[in-house]
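Q: Predicted model, plus sequence, below.
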Amino acid sequence: MADYSNGFDELLKNDEGKTLTNTTGDMGGLTFCGISQVNFPHISLWEYLTQMQTQVGETCPEAMPMVKQFYKTNFWDKIGGDYINDQAYANKLFSDAVNFGVKPSIQLAEEAFNLKPTGVMGTTLMNLINA
């Protein structure tokens, strides 16, 4: 079975966003580790970063467990990452889910296996992935 920690490390390996950013022209607004406040305004990460008095351009290593849990709950678990046998495939599907959305990434996987695209990870798709 695929390991979430491996998938998470791969996801953030090339991410320059381990600092708090607020880039002009970036419609995501305040962003930390790829998590946009515009897209996820109600998560506790933002309150925590405020409590830690994290400023734009700064890192906040203490927030990384929250970031890791956020990605697991919102993306890894929804693609069924723990049940995929091939780590590389799980990492790719996870990355696609983060970058394009869970539903579109699963739909692409379904289409690759000639299944009707539903955007929901189901038993048939999981069995085909693990075959």
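A: Thanks, I have it.
Q: All the strands of the protein, residue numbers only.
A: Applying DSSP state E to the chain gives strands spanning 31-32, 35-36.
Q: is it possible to export those strands to TSV including mean pLDDT?
A: Shown next, in TSV, are the strands of the chain (pLDDT from 0 to 100):
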stretch	mean pLDDT
strand 31-32	94
strand 35-36	94
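Q: deepest of those, which one?
A: strand 31-32 (a mean of 23; mean count of other Cβ atoms under 10 Å). Quick note: C-beta positions are derived from backbone N, CA and C, even for glycine.
Q: Show me which positions of the lengthiest helix in the chain end up buried.
A: Criterion DSSP state H: the longest helix present in the chain is helix 87-100. For helix 87-100, the neighbour count (16 or more other Cβ atoms under 10 Å) marks A90, N91, K92, L93, F94, D96, A97, V98 as buried.
Q: Need the nearest residue in space to the fifth one, chain neighbours excluded.
A: Which is F94. G7 (4.7 Å; Cβ to Cβ, 6 or more residues apart in numbering).
Q: How about the fourth one?
A: With Cβ to Cβ, 6+ apart as the measure, I79 is the residue that lies nearest to L93, at 5.0 Å, once sequence neighbours are left out.
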